[in-house]
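**Q** Everything below, folded, please.
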Amino acid sequence: MTKRCDDPGGTSPAASEGRQPSAALIRRLRKDRDRHVAFAFAAADLLIEVGSDDIVVAAAGAGHAVLGIDLDDLIGRPIVDFVTTPDQPLARRLLKHVATQYRLDPALIRLALADGTANGVLLGLCRLPDRGDAKFLSMALVPKALAPIARPRDEATGLLTSDSLHAAAQRLTHDDAAGPQQLQLVQLDGLSGVARQLPADQAAMLMQEIGAALRAASVGDVAGRLGDDAFGLVAKVGRDSNRDAVLAAELADAIREAGIADGQIQSSVAGIDLPVGGLSNTDVGQALTYAMNSFARSAGDDFNIHTLQAGLVQVLNRTVARVAETRRMLTDERLSLVYQPVVDLTARTIHHYEALLRFPDGASTFETVVFTEDTGLIMDLDLIVCRQAIEALKRSVDASVAVNMSGRSIQNDSFRHALIELTGSLGALRNRLLFELTESSEIADMTEAELFLARLRRAGHAVCLDDFGAGATAYNYLRRFDVDFLKIDGPFLRAAGGRGRERALIRSICTLCGEIGCKVIGEMIEDEDAAFLSASLGIELGQGWLFGKPLEALPRSLSRKGAIETWK
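**A** Sure, this is the predicted structure:
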């Protein structure tokens, strides 16, 4: 072990009185020293001491394993130099915090290696009252396969993406060892506008400083970006009586450090201590997800930071009640499927049926599905729908059926495994089950989704992109994913009846799909004029009341001449 230290550790009481310590006392002191060194290395791979200027003055441990260099090469250099550029603002802020707080909980940070790679470490910091301005750092390597630091992050701020934040926050609510926590939602009015007007390097600095302030204030790096000007984090409830004001001050400081004048960006913070009342961890976690999603969608509207400040507990309690009722509805399967035909526009033969959801008491399908997406219940819902559709398929001789699948579901590893196991029971009937990927929830990990959809297609399932034209994400999906069908959003198609721009766009989409071997479906076709327009634009398949209202059950056998039995 290599070490440099300017202070041998102080003097013993015996030495201060002019007496030589006894051999027994020396042995006890050495034993205590060795015990504390052993404790330190049981918890960390590398120990570093820095001075008031954050220059390394002493180091011990596995320098090569953690940083890829000899310990002697650390001495005399700023510790921040060894941190990856995106994480340097966070490192500087943590070093600043420990100067007044004496001990910080470990934070996730990346260290830059000479070969261009990075190591994720848990960085702990503390000070000792009798050691002046010295700061003591511990670094424990996080295995790359397990590193939470590998969660998808917002490129500009270094914060977790919205989905990653939701997942991390829910995990924390299940961790009793994490101690009392607080959810904090942050609105930075004017941030996106100011950033757009700044030079690129200053805008990058602004975002990095804001990200660092939020990460430094969070528990276990559970801080994320929910929208352009909306953020959320889970913080530890400590001795600060007004954590919201403390965080607002930290953000104001970060904004000033990025060179932005006071008043250009206004910060508002709303917080609530967790857990809420006697609610279960699962219910609280799902309610938090819903609250964060609602806040991100409506920041600046009715459900804004000021509304939350006054009534976040009530919001969470109402949400928890709805989560519990929705879970009961799913457990009891108090939902049903109806089947609407999709036909060949030229031959007017049934191509397949789409399974459509119906909820109890006439509840809105769209709003209920969005709620399940926001609370993480969508995976359960999608699996129930798929299972019911499979049961209907097995009762039919030749009908094919399409089921919707949320973009949020396919990002969940447990859902992917469950779906593969469920569809395994179909055997040779696989080519009669199609999956429509909806865009109501945007996919964060496109590569993982691409691999999973390719696996479904290899197994014999066709894949369709739903609601094309309703949002921008479908264009990205078409570029990344190999699909068999593309469904034009009903309002988009209906608008083409009166506007040439929409007609030109749909015609070009149909031409593109023809070139890549993808068939186009038009929805909400309710009369012959709409059917004729759709066919003239190049749309091959149609769905709507012109061809039939949804049926209570999938037909046992297709009676219409020319009905097909596979997707191909």
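**Q** so where's this protein uncertain?
**A** Residues of the chain that meet the criterion pLDDT under 70 lie in 1-19, 32-43, 144-151, 172-180, 238-241, 274-288, 297-316, 440-441, 470-472, 559-568.
**Q** Outline the domain layout of it.
**A** 13-141, 154-326, 333-543 (automatic domain parsing).
**Q** could I get the ones you listed as TSV with distance to Glu552 and mean neighbour count?
**A** Any C-beta I mention is one placed from the backbone N, CA and C, and that applies to glycine too. Below are the domains of the chain laid out as TSV (distance: least, C-beta to C-beta, whole Å; neighbours: other C-beta atoms under 10 Å):
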stretch	distance to Glu552	mean neighbour count
domain 13-141	53	16
domain 154-326	24	19
domain 333-543	6	18
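**Q** what's the spatially closest residue to Gly517 that is not a sequence neighbour in contact with, if anything?
**A** Distances taken as C-beta to C-beta, 6 or more residues apart in numbering put Asp484 closest to Gly517, at 7.9 Å, once the chain neighbours are dropped. Asp484 makes contact with Leu434, Arg457, Ala462, Val463, Cys464, Gly517, Cys518, Lys519, Trp567, according to C-beta atoms under 8 Å, 6 or more residues apart in numbering.
**Q** try 10 Å
**A** With contact taken as C-beta atoms under 10 Å, 6 or more residues apart in numbering, Asp484 is in contact with 434-435, 457, 461-465, 517-519, 567-568.
**Q** Format the domains of the chain as CSV; extra columns: distance to Ala553.
**A** Below are those laid out as CSV (distance: least, C-beta to C-beta, whole Å):
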stretch, distance to Ala553
domain 13-141, 52
domain 154-326, 25
domain 333-543, 7
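**Q** ok, so what distance separates Phe468 from Gln411?
**A** To Gln411, Phe468 is 20 Å away according to C-beta to C-beta, to the nearest Å.
**Q** Stretch 46-57: how far from the chain's middle?
**A** 35 Å (C-alpha atoms, centre = their mean, to the nearest Å).
**Q** With just CA atoms, put that stretch into PDB.
**A** Extracted in PDB, the C-alpha atoms of stretch 46-57 (Å, rounded to 0.1, in the frame of the first residue of the first chain):
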ATOM      1  CA  LEU A  46      -9.600   3.500  -2.600                       C
ATOM      2  CA  LEU A  47      -9.200   6.100   0.200                       C
ATOM      3  CA  ILE A  48      -8.100   9.700  -0.600                       C
ATOM      4  CA  GLU A  49      -7.400  12.800   1.500                       C
ATOM      5  CA  VAL A  50      -7.600  16.200  -0.100                       C
ATOM      6  CA  GLY A  51      -6.800  19.700   1.300                       C
ATOM      7  CA  SER A  52      -8.900  22.800   1.400                       C
ATOM      8  CA  ASP A  53      -8.000  23.400  -2.300                       C
ATOM      9  CA  ASP A  54      -9.200  19.900  -3.200                       C
ATOM     10  CA  ILE A  55      -5.700  18.800  -4.100                       C
ATOM     11  CA  VAL A  56      -4.800  15.200  -3.200                       C
ATOM     12  CA  VAL A  57      -2.400  15.000  -0.300                       C
END
